[in-house]
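>>> Quick one, structure for this:
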Amino acid sequence: MTEGKRKTALETSQAAATDRRCATFVVCEEDHNLGNSLGYVTTKKPEVEFCGYTKTHPSEIKFNLLIQMHGILPTGEVFQRGLVEAMTLCQPCA
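Residues are numbered from 1 along each chain as shown. Okay, the predicted model is just below:
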């Protein structure tokens, strides 16, 4: 990585430009800990038809998260809600 250039932490790939119900999110600099947790909390949402994550390669520190929706709610919004919920679950109890 060259100095001054920052690596993108999140990339998105949609099946079709007009279909916002299915997308793959590539999360860089994270591993199974976040991938499994995020996949679990996202799968529990009623509007989610399918959610699964895969590691691209054992030596790469990134994972892919595929989200498919039932309704018209955009996958990006569900992804963000899943991140917030996963962060909330990881907070220590007071």
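>>> All the strands of this protein, residue numbers only.
Counting by DSSP state E, the chain has strands at residues 10-16, 19-28, 48-55, 62-69.
>>> Include mean pLDDT and distance to Y40 when you put these into TSV, please.
Any C-beta I mention is one placed from the backbone N, CA and C, and that applies to glycine too. Formatted as TSV, those follow (pLDDT from 0 to 100; distance: least, Cβ to Cβ, whole Å):
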stretch	mean pLDDT	distance to Y40
strand 10-16	70	19
strand 19-28	86	15
strand 48-55	93	9
strand 62-69	93	11
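>>> out of these, deepest packed?
Comparing those by mean neighbour count (mean count of other Cβ atoms under 10 Å), strand 62-69 comes out on top with a mean of 20.
>>> Give the other helices and strands that it contacts.
Here strand 62-69 touches strand 19-28, helix 32-43, strand 48-55, helix 75-89, going by 3 or more Cβ pairs under 8 Å, 6 or more residues apart in numbering; DSSP states H and E.
>>> Using PDB, write out every CA atom in it.
Output of strand 62-69 as PDB, limited to C-alpha atoms (Å, rounded to 0.1, in the frame of the first residue of the first chain):
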ATOM      1  CA  LYS A  62     -11.700 -10.000   4.600                       C
ATOM      2  CA  PHE A  63     -15.000 -11.700   4.100                       C
ATOM      3  CA  ASN A  64     -18.000 -11.500   1.800                       C
ATOM      4  CA  LEU A  65     -21.500 -11.100   3.300                       C
ATOM      5  CA  LEU A  66     -24.400 -11.900   0.900                       C
ATOM      6  CA  ILE A  67     -27.900 -10.500   1.800                       C
ATOM      7  CA  GLN A  68     -31.100 -11.200  -0.100                       C
ATOM      8  CA  MET A  69     -34.300  -9.500   1.000                       C
END
